[in-house]
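[1] What follows is a protein structure lacking sequence information:
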C-alpha cells in the first residue's frame, strides 16, 4: 500500500499563501500524486494531480520534488472557504486510493 | 452536467439488518468506487466496479457486497449490520482503469446503526 505522511493540522492567515507538505517516500514510478480536500459534511473534492512535473490549475499549484518522494500543495491566497481537510493520495491508473488522516487547514480571518 | 449522486442522504438501521445504498456516477464515467468514512478518519476503500464486475477490493468482510448496472450506476449492500458500520459511505466515479484515476465523489450517505 502506497502511503503518505502529512501534518495533522496547519493554520494560515486569510489572503496569504499556504504550503501543505506531503511525504511519500515509497512512491512507485507509475503512481500519480493526487490532492483532494473535504469540507465538513461533504464528499472529498478533487484539487489537483501530477506525475513528475509541477502542475497549476485554477484552484492550486502542485510542486513535486525531483525524486518524487515529497510534494507540496500551494494555495496562493487562502480564503475562509479553503478551510478543509486536505488529503495527499498516491494512485496509479485504476489503483485504489488510500486516504490518510490528512491535514486540517484552519484559515484565520 | 450532473455530478455524482447518492441516495439516501441519511439512513438509520438496527443491528442485524441489511442496507442498500445507491450511487449514480458523473455523466460519462464508467467506474464506481465505494468508501467508508468513520468519524474523524479518512475514507477507507471498500471496492471498485468496472464493466459490471468487482475489480478491486479493500480489507472489508464479505458482508459488504456491491453491484454495477449496465448504465454504470451502482449499489452497495451491507448485511448483518454492526454498530461499527455506522459511517459516511462515499461513492466516487471515474473514467476507465487506464487513466490517472481522478475520482469524483458524491456527498455520501450517512448510515447510523443502533
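    Looks like it arrived, so ask away. Keep in mind that what you see is a predicted model, and the values were worked out from it rather than measured.
[2] CA only for contacts and neighbour counts going forward, please
    Noted.
[3] Residue A:99: how many residues sit nearby?
    Using other C-alpha atoms under 10 Å in any protein chain shown, residue A:99 is surrounded by 21 other residues.
[4] Residue B:10: neighbouring residues, count only.
    11.
[5] Kindly report the same for the one 4 residues further on.
    Residue neighbour count, defined by other C-alpha under 10 Å, stands at 14 for residue B:14.
[6] try the one 5 residues further on
    Using other C-alpha under 10 Å, residue B:19 has 17 neighbouring residues.
[7] Now do the contacts for it.
    Contacts for residue B:19 (C-alpha atoms under 8 Å, 6 or more residues apart in numbering or on different chains) come out as B:13, B:77-79, B:81.
[8] Among the residues you listed, which ones are in strands?
    Members of these lying in strands (criterion: DSSP state E): B:13, B:77-78.
[9] From the residues you listed, keep the buried residues only.
    Among those, those buried by neighbour count (16 or more other C-alpha atoms under 10 Å in any protein chain shown) are B:13, B:78.
[10] now the ones in strands among the contacts of residue B:19 as a markdown table including pLDDT?
    Converted to a markdown table, the ones in strands among the contacts of residue B:19 look like this (pLDDT from 0 to 100):
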| residue | pLDDT |
| --- | --- |
| B:13 | 98 |
| B:77 | 98 |
| B:78 | 98 |
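[11] quick one: low-confidence ranges for chain B?
    Scanning chain B for pLDDT under 70 picks out B:1, B:97-100.
[12] now, the most widely separated pair of the contacts of residue B:19?
    By the measure C-alpha to C-alpha, B:13 and B:77 form the most distant pair in these, at 13.0 Å.
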